[in-house]
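[1] Here is my input; please provide its structure:
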Amino acid sequence: MPFQPRVAILVPAPDYFEKWQPAFARKSAALTAAGLVVEQRPWTDPGDLMGYDLILPLFAWGYQRDVSRWYALLDRLEAEALPVANPVPVLRWNSDKAYLAELGAKGVAVVPTVEIATLDDTALAAARAQLGAEEVVIKPAISGGADGTHRIARGDAIPTDAQGQRRLVQPLMPGILTDGEYSLFFFAGKFSHAIVKRPASGDFRVQEQYGGRETPWDANEAARQLATAALAAAPAPPVYARVDMVGDAAGKLHIMELELIEPSLFLHHAPDKGAAFGHAVYAAI
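    Okay, the predicted model is just below:
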């Protein structure tokens, strides 16, 4: 009988509210087809992980709401020298969107971003002036699923959940409203597929829970090159990656974020339905 490696996929806590099982089924099917035995372990309390050939935090949803527990898990995975994909240094680096400044310093086109340690009206006005933007988006530096993300026009009050908190301030990119947000997917460094996600009418958030919808997209060479340049800045080559980008008023693409922890991979839009994903994970063992 051929060797079948055991992989543990970290999943949400039992009381997590979002429906994650359908996406888990697609990823699990791709991994099983590649010859892997898949098991679930809640990321909040995964227990003994020593017997696994690889640990995948693919459904560590909600980590942004329990940051101290998330970082403690990363410390544990590293201290026990457990095999993890993506590697722990990549997970830690990708957890905080401060990495956008690092990408920008390396010449990668990113959405202009101002980090504010303690958000108030004065700091927001200064950030707005620095960005030259009438309308801005504020978001936590450690966030997911558009948690705590707000669109603020001039004169709008700072939302209560953001007042006095560390926040990133970005201009509202025109492309998000006209064309949508593009996502490119890479497995073992090779491009797989791409989609465009469009927000519901009157919204700017592209996530499904806010009415966003996705369709396949034929990623052009500029988008692929931008994604490749952004991924090259990671501490180690990621096994799986989603690169989100959006256009400015002139249509030039900018990196919105890198999803290297627990991204939705939209494998049903991949030409091979996830075979490359499964092979990349198997090869990481």
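[2] mind listing what W93 touches?
    By CB atoms under 8 Å, 6 or more residues apart in numbering, the contact set of W93 is Y99, A234, P235. To be clear about C-beta, it is placed using only N, CA and C from the backbone, and glycine gets the same treatment.
[3] where in the stretch 101-250 of the chain is pLDDT low?
    Along the stretch 101-250 of the chain, the parts satisfying pLDDT under 70 run over 146, 199-213.
[4] That one: strands as residue ranges?
    For the stretch 101-250 of the chain, the strands defined by DSSP state E, counting those that start in this stretch cover 114-116, 136-139, 150-152, 167-171, 181-187, 190-198, 213-216, 240-247.
[5] Columns mean neighbour count on top of these, output as CSV?
    CSV is the format used below for the strands of the stretch 101-250 of the chain (neighbours: other CB atoms under 10 Å):
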stretch, mean neighbour count
strand 114-116, 18
strand 136-139, 21
strand 150-152, 17
strand 167-171, 24
strand 181-187, 25
strand 190-198, 20
strand 213-216, 14
strand 240-247, 24
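[6] Of those strands, which is nearest Q40?
    Smallest distance to Q40 across the strands of the stretch 101-250 of the chain (CB to CB): 17.7 Å, for strand 240-247.
[7] Between strand 181-187 and the closest one, find me the angle.
    Angle of strand 240-247 versus strand 181-187, following axes from the mean of the first three to the mean of the last three CA atoms, to 10 degrees, is 160 degrees.
[8] what pairs with strand 240-247, and is each one parallel or antiparallel?
    strand 181-187 (antiparallel), strand 253-259 (antiparallel) (DSSP bridges).
[9] and G148, what does it touch?
    K139, P140, D161, A162.
[10] and the second one, how many neighbours?
    When neighbours are counted by other CB atoms under 10 Å, P140 registers 19.
[11] That one: what's it in contact with?
    Contacts of P140 (CB under 8 Å, 6+ apart): Q64, D147, G148, T149, Q165, R166, R167, L168.
[12] Relative to T122, how far out is it?
    Using CB to CB, to the nearest Å, P140 is found at 20 Å from T122.
[13] Quick one: the helices in this protein, in order.
    Ranges of helices in the chain, per DSSP state H, are 21-33, 67-79, 88-95, 99-105, 121-131, 174-178, 221-231, 275-283.
[14] mind putting those helices in TSV, distance to P57 included?
    Shown next, in TSV, are the helices of the chain (distance: least, CB to CB, whole Å):
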stretch	distance to P57
helix 21-33	12
helix 67-79	8
helix 88-95	6
helix 99-105	17
helix 121-131	32
helix 174-178	27
helix 221-231	18
helix 275-283	12
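[15] Nearest approach to G51 belongs to which of these?
    helix 67-79 (14.3 Å).
[16] Looking at the closest one now, give me its mean pLDDT.
    Average pLDDT, helix 67-79: 96.
[17] So which bits of stretch 245-258 are buried?
    Residues of stretch 245-258 classed as buried: M245, V246, G247, L253, H254, I255, M256, E257, L258 (neighbour count, 16 or more other CB atoms under 10 Å).
[18] next one: stretch 15-34
    Result for stretch 15-34 [16+ other CB under 10 Å]: buried residues Y16, W20, A23, F24, R26, K27, S28, A30, L31, A34.
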